[in-house]
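3D model of this:
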Amino acid sequence: QVQLVESGGGLVQSGDSLRLSCAGSGRTFSNYDMGWFRQAPGKEREFVAAIRWNGATRYANSVKGRSTISRDNAKNTVYLHMDSLKPEDTAVYYCAAGPWVVTYERGDYWGQGTQVTVSS
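Residues are numbered from 1 along each chain as shown. Okay, the predicted model is just below:
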């Protein structure tokens, strides 16, 4: 059974930093893109960041410059480090994996999500 399990969410204050982790199991993801999406209450899910198997990255403008996505293929894990968090970053953050996450913002596999709440 293929699974993606996110962790690291929580309640933080505006200006804080946070690192989310997503561990994959059931297959190797080293040859897949992996990425992060988020969905705020009442809004559609949106792309946040993604990383190719070779380390190439892409970020949404809303997080560019204050976020870093990375991966450890040996651990089948992707990370999202976010600095200078803002209340508008509050959302459920989802991990995704697949061949087209970077190019088309499309995931074939999805995690269950982790809540990030940023208080002002």
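
when you work out contacts or count neighbours from here on, use the C-alpha atoms and nothing else.
OK.

ok, now which ones touch the residue nearest the centre of the chain?
In the chain, the residue lying closest to the centroid (Cα atoms, centre = their mean) is Trp36, at 2.5 Å. By Cα atoms under 8 Å, 6 or more residues apart in numbering, the contact list for Trp36 reads Phe47, Val48, Ala49, Ala50, Leu80, Tyr93, Tyr94, Cys95, Ala96.

what do you get for Val102?
Asp33, Met34, Gly35, Ala50, Ile51, Arg52, Thr57, Arg58.

mind listing which of the residues you listed are in strands?
Asp33, Met34, Gly35, Ala50, Ile51, Thr57, Arg58 (DSSP state E).

just the buried residues of stretch 81-95, please?
Within stretch 81-95, the residues scored as buried using 16 or more other Cα atoms under 10 Å are Met82, Asp83, Leu85, Lys86, Asp89, Thr90, Ala91, Val92, Tyr93, Tyr94, Cys95.

closest one of those residues to Gln115?
The closest of the buried residues of stretch 81-95 to Gln115 turns out to be Val92 (Cα to Cα; 4.3 Å).

just say helix, strand or coil for the closest one.
strand (DSSP: H, G, I helix; E, B strand; the rest coil).

return the distance of the helix-or-strand element of the chain with minimal mean pLDDT from the chain's centre.
Counting by mean pLDDT, DSSP states H and E, the weakest-scoring helix or strand in the chain turns out to be helix 101-104, with a mean of 95. Centroid displacement of helix 101-104 relative to its chain, using Cα atoms, centre = their mean, to the nearest Å, is 13 Å.
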